[in-house]
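Chemist: Would you be able to build a 3D model of this:
(one chain, ligands or ions: 1)
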Amino acid sequence: MTKDEQLRYSRHMIMPEVGPAGQERLRAAKVLCIGAGGLGSPAALYLAAAGIGKLGLVDFDEVDLSNLQRQILHGTKDVGRKKLDSARDRLRDVNPNIEIVTHEARFTSANALDIVSNYDVVVDGSDNFPTRYLSNDVCVFTKKPNVYGSVFRFDGQTTVFAPHLGGPCYRCLFPEPPPPGSVPNCAQAGVLGVLPGIVGTIQANEAIKLILGVGEPLVGRLLYFDALKMKFREFNLRRDPECPVCGDSPTITEPIDYEQFCGVATTSEIPTVSVRELKQKLDARESFQLVDVREPIEYEIANIDSAKLIPLGELPNRLDELNRHQLTIVHCHSGQRSAAAVRLMREAGFENVFNLEGGIAKWSDEIDSEVAQY
Ligand SMILES: [Zn+2]
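Modeler: Numbering: from 1, shown residues only. Purely as a prediction, here's the structure:
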């Protein structure tokens with residue numbers, strides 16, 4: 001280590017938990033950030049500053065003026081430049097001692113294994129489901145910890161997916177991606193600019209801890225952050241032995257591109273009720289079945305009292321738990337999965353079944369702000 005590096009990392013090295021040996025581990029480490037956007041910005045800045053020897057970035061986008069509210073790797077002068085060029089300049093300025101590798105490409109099934117196999121830890125800062133599922137699966141295949149983060153409006157989530165370290169993977173929680181168009185992204189839903197700063201910084205912290213082998217990693221724990229209430233909550237996560245990718249008999253053994261299935265899902269011709277109508281029915285104690293077709297972890301984060309949880313994937317086999325003749329209202333996060341459920345139930349002979357328009361997200365917005373947004 002040069003004199004410059006000794007001085008640069010001195011605040012690390014005086015701590016016994018890091019020390020010169022720990023700093024050497026950071027220097028020998030290779031971390032991949034997927035995305036140089038809202039989450040990737042703070043993560044990459046702190047990883048570079050910490051002296052991660054090889055820092056890889058995957059991105060294909062250009063800097064847009066609307067990015068600057070949260071993507072602090074980039075500045076006003078960078079608008080129109082490739083994010084990777086802008087990121088490289090900024091990170092070189094932060095720390096000229098490290099190697100910065102840019103992968104200018106969309107992260108796809110064709111390149112994901114090749115890229116990830118060059119790194120020790122992956123920090124997933126992507127903002128879409130195809131990339132999340134792909135980075136999850138490839139990290140499971142290659143036994144690399146996947147430091148996950150996501151943000152939505154005022155709420156963030158982070159965890160470390162690492163089945164090889166005893167925790168679950170993303171598919172243990174959500175076996176399959178939601179239908180295309182069912183979940184709004186930041187562009188549609190908005191996000192408080194500082195929120196990815198907080199979540200991305202936690203991701204950098206977890207990556208550094210994993211490399212140093214200190215503390216307790218967020219393996220098997222989901223940290224949920226509410227910026228409005230300024231509250232952190234923690235949920236225990238378990239590995240699912242039936243998981244299609246990390247389970248005992250995996251059915252997914254190679255990378256998949258979900259983009260090819262993407263299109264605009266239609267919810268027309270599905271009978272709906274509004275959140276206000278649902279509220280009236282609940283207040284009037286009307287007799288009906290309320291069915292929640294989300295995944296168990298979503299139910300744990302937020303639920304509507306009296307709703308019966310039957311994840312969409314289990315619904316075909318659990319229809320007998322419901323009364324086909326009673327009024328039934330189905331909800332999910334924002335209304336797309338429940339629309340699929342209503343379609344399925346009508347085909348199975350349910351006469352009086354409705355989709356809750358806007359799902360629990362709208363319920364939280366318009367009826368009960370105590371119900372967490374996610
Ligand atoms: Zn799994």
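
Chemist: rest of the way, CA atoms for contacts and neighbours
Modeler: Noted.

Chemist: just checking, what packs against the host helix or strand of R90?
Modeler: Applying DSSP states H and E as the criterion places R90 in helix 83-94. In this structure, helix 83-94 makes packing contacts with helix 40-50, strand 54-59, strand 99-104, judged by 3 or more Cα pairs under 8 Å, 6 or more residues apart in numbering; DSSP states H and E.

Chemist: tell me the angle of it relative to helix 40-50?
Modeler: 30 degrees (axes from the mean of the first three to the mean of the last three Cα atoms, to 10 degrees).

Chemist: Let's see helix 83-94 as CSV, backbone CA atoms only.
Modeler: What follows is helix 83-94, C-alpha atoms only, in CSV (Å, rounded to 0.1, in the frame of the first residue of the first chain):
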residue,chain,number,x,y,z
LYS,A,83,-24.1,7.3,-17.4
LEU,A,84,-21.0,5.0,-17.4
ASP,A,85,-18.7,7.8,-18.7
SER,A,86,-20.1,10.2,-16.2
ALA,A,87,-19.8,7.6,-13.4
ARG,A,88,-16.2,6.7,-14.3
ASP,A,89,-15.1,10.3,-14.2
ARG,A,90,-16.7,10.9,-10.9
LEU,A,91,-15.4,7.7,-9.3
ARG,A,92,-11.9,8.2,-10.6
ASP,A,93,-11.9,11.6,-8.9
VAL,A,94,-13.2,10.0,-5.6
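
Chemist: Could you point out the helix or strand that follows the one helix or strand in the chain whose mean pLDDT sits lowest?
Modeler: Here the helix or strand of the chain ranked lowest by mean pLDDT, DSSP states H and E is helix 186-189, holding a mean of 58. Beyond helix 186-189 in the direction of the C-terminus, DSSP H and E gives the next helix or strand as helix 194-212.

Chemist: Quick check: buried residues in that next one?
Modeler: Within helix 194-212, the residues scored as buried using 16 or more other Cα atoms under 10 Å are 194-212.

Chemist: again, but for stretch 88-99
Modeler: So for stretch 88-99, counting by 16+ other Cα under 10 Å, buried means 88, 90-92, 94-95, 97-99.

Chemist: dump the residue contacts of the residue in the stretch 201-350 of the chain positioned nearest to the ion.
Modeler: Using Cα to the ion, the closest approach of the stretch 201-350 of the chain to the ion is made by C246 at 4.1 Å. Neighbouring residues of C246 by Cα atoms under 8 Å, 6 or more residues apart in numbering: 140, 163, 168-169, 172.

Chemist: Okay, and which of those residues map to helices?
Modeler: 140, 172 (DSSP state H).

Chemist: In this protein, what residue spans correspond to strands?
Modeler: 30-34, 54-59, 99-104, 121-124, 146-152, 155-161, 221-226, 231-236, 272-273, 289-292, 308-309, 328-331, 353-356 (DSSP state E).

Chemist: Let's have the ones you listed in CSV, adding mean pLDDT and distance to the ion.
Modeler: CSV is the format used below for these (pLDDT from 0 to 100; distance: least, Cα to the ion, whole Å):
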stretch, mean pLDDT, distance to the ion
strand 30-34, 98, 20
strand 54-59, 98, 24
strand 99-104, 98, 27
strand 121-124, 98, 16
strand 146-152, 95, 12
strand 155-161, 96, 8
strand 221-226, 96, 14
strand 231-236, 94, 14
strand 272-273, 92, 34
strand 289-292, 97, 23
strand 308-309, 96, 21
strand 328-331, 96, 25
strand 353-356, 95, 30
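
Chemist: Rebuild those strands as CSV, extending it with distance to Q6.
Modeler: CSV is the format used below for these (distance: least, Cα to Cα, whole Å):
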stretch, distance to Q6
strand 30-34, 20
strand 54-59, 18
strand 99-104, 18
strand 121-124, 24
strand 146-152, 28
strand 155-161, 30
strand 221-226, 34
strand 231-236, 36
strand 272-273, 64
strand 289-292, 56
strand 308-309, 55
strand 328-331, 57
strand 353-356, 60
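
Chemist: who in the stretch 201-350 of the chain is up against the ion?
Modeler: 243, 246 (Cα under 5 Å from the ion).
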